[in-house]
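Asks: Let's see this in three dimensions:
(chains A and B)
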Amino acid sequence: MSETEAAVAQQTTELPLRSQPNDSTFDIVATYRDLLASDPDLTKPVAAIESLIALLNTVPSTTVYETLDTVKSHSDLLKASVDNPLPLQAGTDLFLQYLVASLKQQDGSFDAVRQHLLRNGRLFASRAIAARNGIAEAGWRFVREGKCVLTHGASRSVTGLLERAAKNGEGKFRVVYVRDEVRAEESDRVVKELRSKGIPVAEIPEAAVAHVMGLLRQVHMVFTGAEAVTQNGGIISRIGTYQIAKLAAQAKIPFYVAAETHKFVRKFPLDQRDIGYKQEVLDFSSTGPSKQPRDAVDYTPPELISNLVTENGVHLPGYVFEQLLDIYGSLNG
Amino acid sequence: MKEHHKKDQAQDQQKKGAKDQSKAAAAPAEGAGEKKLSNAELKKKAKEEKAARRAAAKVSQPQPPAGSAPGQAAEGAKGGKPKPKQQQDGPQAAGSQHGKAATPRSAAPMPAPKEAKPSVPECFSHLAMAKGVNLTQADKDVHPAVLMLGQQMSTMAISDSTTRLEATLLAFKKVIDSYTTPHGTTLSRHFTSHVLNPQIVYLTACRPMCFSMGNAIRWLKLQISKIDIDMADSDAKKLLCEAIDSFIHERITLADVVIVSTAADMISPDGGDVILTYAHHHLVERALLRARADGKRFRVILVDDPFERVGLAHAKTLAAAGIPVAYAPDLGALRTNLQEATTVLVAAEAMFSNGAMYARAGTCDVATAAFDLGMRVTALCETINFTERVSIDSLTYNEIDPERNTDEEFRLLFDTTRDKSISAVVTELGICSAKSVPAILRKLEEL
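Replies: Numbering: from 1, shown residues only, chains lettered A, B, ... in the order given. The predicted structure is shown next:
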């Protein structure tokens, strides 16, 4: 299959008469960054999908194989442009699968699919926002009266869920927010946002998590977001999530993850060594302060996760595998 | 049970005279077994041997030489013929002489003289064991190719699950080939009950079926039942043979290729990986060789099965391919070996739907110890070996080692590893966690 594709692509690029789509005119990376910057509601996978649709907009309608090939090569470009390719891979894989599936349905009438995609260009984005509302609907009942939620990071799914819970009963639950000193600005923004909804928030440093969890019935549950949900039901998330999950498991506090299903990705990390890209957290130096990577992530294994809260409802981590198997048929990416 | 056995033995000893009395407590069944073969019995045995030899000769003549290596075939054909007895295989050989002892669940083709084997403790009496079915005792409907295969299985010449499955399907192809529908009936109604079932019963008597064989036979019966009753015999046979071929191709050959390359890709290209593996399985061997061929640098620590040193040849093959191998003959110093390793790579005989792994005895020890040390444990398994059954211990499903089933030494062939000690299962559908086995089973049902 891929060989024939390659052969077709080869042929089409070698044909002198065909107007060639010039890859250099469309900068997918810039498009992706613009999209992310312009719309704070977009997640990385959805921004990747949106930029691929924008790409289809500029590329003239040619053969199916050529288009699939263009999409694939631009997906790779996009993934190569960021440190952590997993969230993007979730989006690009999904888009490619959607494209192939709809081509099969439409009996290969490529133009129809293309027109449909272009007309509904914002569909993916609006669905993503709907998904976030779905998560809030599915999960807000966890946060009952008198409960206290511990969270960290700046997941929009989590803040959305907490806001939905606050709508039901203002001031009836409390939040412990784990402050990230490296990202003080972001932490302050999230805390301010939560307080503006009338939620009492206590900020604690990362070093105090174990202590706070050890206080009797002061923290009832942990909610975090995820950058990507891996196929075994684990999550790739902001660094620090893993240790909070471990501490929560130790203290027997349920650990919930709020994540949209479009963040499910075909990647199976076996442990911390295996997050899918090189990340230099250890920087040994005898002269100066060691460098830390920006946007570092860690991997939280499914054993530490009580439930995934998705727009399709609350599920066990094993749900991810079933969904991915349903969407892709096989998991050999 | 043990007491009972001792009593038996004591009586026996008394009959023979008390000269061995002092040894009796420690010693054993083998002495007793050997003694049992007194003059009359020896004569009887010789007679039976002769009959068996004749039958074997008769059967092996029309046998097509195809199948496996000629050496194996010869061995298989001779399997029914007892070898000259040595001291240690006395009781066991006697057991096989007299037909079945602990009877298998399914009806054996010939009602054999029943005799409770005293050497299998009662707590293991639900477990089956591979044992040579004398060729004279096999049902007359059993196809020569299947006869030979049964002998190979009972002597463990063909032992791992996937190889057994493939050989079985190929033998069934021959059965289908040589079949003609009798007048007044149709293939789809007649073949399964009258032709296929005796083959299956015979194979099961030789050695209990493995899970993959159960899965494949269920599939084959379904295919047979689907055949249109108006279809011509030759067409139907061709259709079935083609279906079997594509089944083997998809579920075994291609599956193995995918699993091997996925497993090879999991080895770090940067070098420095130290892979610990247990005994020998062709999937593990192929994955390691493939990774080496891809130019990856890694070391292997091979812990061998102390009862069956299949790892020796494996170690030599790996070393010949340029992989540094450290060989440990048994599970001693397992923790020390594990502390040097970065990954444990094993192959499963079957996966239960609760995520438990059924594999060569000793795998559980390795996996559990590795898990305790926080290492990755990767299991390789084709999805044909997945079963809906659930097992939480090593005793519900198992097999008794046909070579070690006496009072002196007793051993089971497999053990069950719990899902939490397995980091990942590599299948042809991709990598999954052990907990996801039911999801794969459900997916397979849809296909």
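Asks: And stretch A:167-179, end to end?
Replies: 24 Å (Cα to Cα, to the nearest Å).
Asks: Just the buried residues of that stretch, please?
Replies: For stretch A:167-179, burial by neighbour count (16 or more other Cβ atoms under 10 Å in any protein chain shown) applies to A:172-179. Quick note: C-beta positions are derived from backbone N, CA and C, even for glycine.
Asks: What lies in contact with that stretch?
Replies: Applying Cβ atoms under 8 Å, 6 or more residues apart in numbering or on different chains, the external contacts of stretch A:167-179 come out as A:140, A:143-152, A:162, A:165-166, A:187, A:190-191, A:194, A:197-206, A:209, A:212, A:218-219, A:240, A:244.
Asks: and the buried residues of stretch A:167-179 as JSON lines, adding pLDDT?
Replies: Formatted as JSON lines, those follow (pLDDT from 0 to 100):
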{"residue": "A:Lys172", "pLDDT": "86"}
{"residue": "A:Phe173", "pLDDT": "93"}
{"residue": "A:Arg174", "pLDDT": "94"}
{"residue": "A:Val175", "pLDDT": "96"}
{"residue": "A:Val176", "pLDDT": "96"}
{"residue": "A:Tyr177", "pLDDT": "96"}
{"residue": "A:Val178", "pLDDT": "96"}
{"residue": "A:Arg179", "pLDDT": "94"}
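Asks: Identify, from these, the entry nearest to B:Met213.
Replies: Using Cβ to Cβ, A:Val178 comes nearest to B:Met213 of the buried residues of stretch A:167-179, at 54.5 Å.
Asks: Would you agree that closest one falls within a helix?
Replies: No: counting by DSSP: H, G, I helix; E, B strand; the rest coil, A:Val178 falls outside a helix, being strand.
Asks: what's the spacing between it and A:Arg266?
Replies: To A:Arg266, A:Val178 is 30 Å away according to Cβ to Cβ, to the nearest Å.
Asks: now swap in A:Ile49 and tell me
Replies: According to Cβ to Cβ, A:Ile49 and A:Arg266 sit 16 Å apart.
Asks: Show me which of the two is the more surrounded one.
Replies: Neighbour count, other Cβ atoms under 10 Å in any protein chain shown: between A:Ile49 and A:Arg266, A:Ile49 has more, with 29 against 24.
Asks: check contacts around the more buried one.
Replies: When contacts are counted by Cβ under 8 Å, 6+ apart, A:Ile49 touches A:91-92, A:94-95, A:124.
Asks: Need the buried residues of stretch A:167-179 in CSV (columns: distance to A:Val314).
Replies: Conversion of those to CSV gives the following (distance: Cβ to Cβ, whole Å):
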residue, distance to A:Val314
A:Lys172, 21
A:Phe173, 18
A:Arg174, 22
A:Val175, 20
A:Val176, 22
A:Tyr177, 23
A:Val178, 23
A:Arg179, 28
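Asks: tell me the mean pLDDT for stretch B:143-155?
Replies: Averaging pLDDT along stretch B:143-155 gives 92.
Asks: same check, this time on stretch B:418-435
Replies: Averaging pLDDT along stretch B:418-435 yields 94.
Asks: quick one: that stretch near chain A?
Replies: Yes: interface with chain A: stretch B:418-435 contributes B:420, B:423-424, B:428-433, B:435 (Cβ under 8 Å from any Cβ of the partner chain).
Asks: Among the contacts of A:Ile49, which are located in helices?
Replies: Using DSSP state H, the members of the contacts of A:Ile49 that fall within helices are A:91-92, A:94-95, A:124.
Asks: what's the most distant pair in the residues you listed?
Replies: Going by Cβ to Cβ, the pair spanning the ones in helices among the contacts of A:Ile49 furthest: A:Thr92 and A:Phe124, at 12.0 Å.
Asks: buried sites along stretch A:94-114?
Replies: For stretch A:94-114, by 16+ other Cβ under 10 Å, it's A:94-96, A:99, A:102-103, A:110, A:113-114.
Asks: tell me how far the ends of that stretch are from each other?
Replies: Taking Cα to Cα, stretch A:94-114 runs 16 Å from one end to the other.
Asks: what residue is smack in the middle of chain B?
Replies: With distances taken as Cα atoms, centre = their mean, B:Ser159 lies nearest the centre of chain B, 4.0 Å away.
Asks: give the contact list for residue 191.
Replies: Assuming you mean chain A. A:177, A:179, A:201, A:203.
Asks: other chain: chain B
Replies: Counting by Cβ under 8 Å, 6+ apart, B:Phe191 makes contact with B:176, B:179, B:181, B:224.
Asks: what are the phi and psi angles of it?
Replies: Here is the backbone geometry of B:Phe191 (degrees, to the nearest 10): phi -60, psi -50.
Asks: Check A:Ala228 too.
Replies: The phi/psi pair for A:Ala228 (degrees, to the nearest 10) reads phi -150, psi 150.
Asks: what sits against the residue of the stretch 251-400 of chain B found nearest chain A?
Replies: At 4.6 Å from chain A, B:Arg376 is the closest residue in the stretch 251-400 of chain B, using Cβ to the nearest Cβ. Shown in contact with B:Arg376 (Cβ under 8 Å, 6+ apart): A:270-271, B:342-344, B:370, B:423-424.
Asks: and the residue in the stretch 201-333 of chain A that chain B sits nearest to, how many neighbours does it have?
Replies: As assessed by Cβ to the nearest Cβ, chain B sits closest to A:Leu331 within the stretch 201-333 of chain A, at 2.5 Å. Residues near A:Leu331, counting by other Cβ under 10 Å, number 22.
Asks: measure it to A:Ala101 for me?
Replies: 16 Å.
Asks: What does A:Gln89 show for phi and psi?
Replies: When read as degrees, to the nearest 10, the backbone of A:Gln89 gives phi -60, psi -40.
Asks: How about the contacts made by it?
Replies: Shown in contact with A:Gln89 (Cβ under 8 Å, 6+ apart): A:79, A:228, A:265-267.
Asks: just B:Ala370 next, same as before
Replies: Counting by Cβ under 8 Å, 6+ apart, B:Ala370 makes contact with B:276, B:338, B:341, B:344, B:376-377, B:421.
Asks: Sort out for me which of those residues are in strands.
Replies: Applying DSSP state E to the contacts of B:Ala370, the entries found in strands are B:276, B:344, B:376-377.
Asks: Count the residues that sit near the closest residue to chain A within chain B.
Replies: As assessed by Cβ to the nearest Cβ, chain A sits closest to B:Gly430 within chain B, at 2.5 Å. A count of nearby residues for B:Gly430, using other Cβ under 10 Å, gives 24.
Asks: Quick check on it: phi, psi?
Replies: phi 130, psi -180.
Asks: these two touch, right, it and B:Thr262?
Replies: Yes: at 7.4 Å, B:Gly430 and B:Thr262 qualify as touching, with contact defined as Cβ atoms under 8 Å.
Asks: re the thing from before, relative to B:Lys140, which of the contacts of A:Val191 is nearest.
Replies: Using Cβ to Cβ, A:Tyr177 comes nearest to B:Lys140 of these, at 80.2 Å.
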